[in-house]
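Visitor: the sequence isn't on hand, but the structure is:
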């Protein structure tokens, strides 16, 4: 494994070949906001919150899925990036129906925390107020499409870690949503093992455990990192 | 001494409860500000000009619309206080349905006696619930459901002293 050198926010850093910009940033205590990324799951660059600027390249690149190169010069935080990250959050908030006050994940929500970190305290865009489905057919878990940001963490954990692939995405663009099996009720799914991994990795209140109050619905997503590293080292 | 007002649009009055929750600190506030209009005091008409107005609640009815436009005209610094004023929040959850369906649900389906929407005294609902800043310019947003008494005290201290406030640092949704 060879070593690459690069510059991040003016600092000279060295990193392993094949690492992503996000991995290098985290190792060097440089904060880049993320939402769809979760250590242990394959990155898809769905949310675009982790976009960074790379000298000599047009536009913006997602830090989670851009691999470092020798001599790369990365800017992880600039006025332009702050502006776009704020706008992305505004778009996420107006796209669904995110009503923190009545959400079971209130105060344990990645989306809500990101609004604070990015300083998004109101949206300049009109709320869409879409009509979205709920699925409460599963015995232990519930799905509320109003709170889904389509990060696809549930899809990936179910496929990559549990190996069941119960979750997937249906539709395109604004019409897209996550589904269980062939868009059948979750409770009737033949593939779901009821392991609850999807619930634990969901960054918002879209997936939740039934019967839990907002104070109790604290999710633990770090098991994914643990399982992945144990499997890779075959322990 | 500055003049101060509070206004209650479509909200649960929780933000006003949070104002009251400042307890004895209200005395400190009112050494520097006079409350000239509020659901908590008895003045019936919004004064000619107010230095600082806090608005609780979303804009949901024709009455809210008229009220907030009048308040904006007669206020120097307008603060959207709480999630309903800033995002629409719980009152905004009816925006996904047509007004006729909302009225049907409230006054017919859920009625035990005399089913039927009121035809007088109640101001008509507007098609979609809107945050205050999408109707009139707002000088500061303070999210929270409700914002804590501590947050409100901080905001009032700064505004009364004429200092800038960045609520992104102290307040959050929910």
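Guide: Alright, I've got the coordinates. Bear in mind the structure is a predicted one, so any value in this text is a computation, not a measurement.
Visitor: list the contacts for the residue nearest to residue B:160 when sequence neighbours are not counted?
Guide: Closest residue to residue B:160 apart from its sequence neighbours, by CB to CB, 6 or more residues apart in numbering or on different chains: residue B:32 at 4.9 Å. Glycine gets a C-beta too; all of them are placed from N, C-alpha and C. Contacts for residue B:32 (CB atoms under 8 Å, 6 or more residues apart in numbering or on different chains) come out as B:1-2, B:160.
Visitor: where's residue B:32 relative to chain A, distance?
Guide: Distance, residue B:32 to chain A, using CB to the nearest CB, to the nearest Å: 25 Å.
Visitor: quick check: that residue vs residue B:164, distance?
Guide: 17 Å (CB to CB, to the nearest Å).
Visitor: then residue A:28?
Guide: Separation of residue A:28 from residue B:164 (CB to CB) stands at 33 Å.
Visitor: looking at the two, which is more packed in?
Guide: residue A:28 (13 against 7; other CB atoms under 10 Å in any protein chain shown).
Visitor: got a list of what that one touches?
Guide: If you count contacts by CB under 8 Å, 6+ apart, residue A:28 has them with A:8, A:11, A:13.
Visitor: most neighbours, which of those residues?
Guide: Going by other CB under 10 Å, residue A:8 tops the contacts of residue A:28 with 22 neighbours.
Visitor: out of the contacts of residue B:32, flag the one nearest to chain A.
Guide: Nearest to chain A among these is residue B:160, at 20.8 Å by CB to the nearest CB.
Visitor: I'd say that closest one and residue B:30 touch.
Guide: No - here residue B:160 lies out of contact with residue B:30, judged by CB atoms under 8 Å, at a distance of 10.3 Å.
Visitor: near chain A, which residues of chain B?
Guide: For chain B, the contact set with chain A under CB under 8 Å from any CB of the partner chain comprises B:80, B:83, B:86-90, B:92-93, B:95-97, B:128, B:130-131, B:133-134, B:141, B:143, B:145, B:166-169, B:171-174.
Visitor: for chain A, which helix extends over the most residues?
Guide: The helix that spans the most residues within chain A, counting by DSSP state H, is helix A:79-95.
Visitor: quick one: mean pLDDT for that helix?
Guide: Averaging pLDDT along helix A:79-95 gives 97.
Visitor: helices or strands next to the helix or strand following that helix in the packing?
Guide: Using DSSP states H and E, the helix or strand that follows helix A:79-95 in sequence is helix A:110-118. The contact analysis (3 or more CB pairs under 8 Å, 6 or more residues apart in numbering or on different chains; DSSP states H and E) places helix A:110-118 against helix A:79-95.
Visitor: residue 81: neighbouring residues, count only.
Guide: Defaulting to chain A. As a burial measure, residue A:81 scores 19 neighbours (other CB under 10 Å).
Visitor: switch to chain B, that's the one I care about
Guide: Residue B:81 has 33 neighbours, counted by other CB under 10 Å.
Visitor: swap in residue B:163?
Guide: Counted with other CB under 10 Å, residues neighbouring residue B:163 total 8.
Visitor: now the closest residue to chain A within chain B. Nearest residue, chain neighbours left out?
Guide: Closest to chain A within chain B is residue B:174: 2.9 Å, counting by CB to the nearest CB. Distances taken as CB to CB, 6+ apart place residue A:100 nearest to residue B:174, at 2.9 Å, with adjacent residues excluded.
Visitor: do you know how far residue B:92 is from residue B:130?
Guide: Between residue B:92 and residue B:130 the distance is 8 Å, computed by CB to CB.
Visitor: which residues do the two both contact?
Guide: With CB under 8 Å, 6+ apart, residue B:92 and residue B:130 have common neighbours residue B:58.
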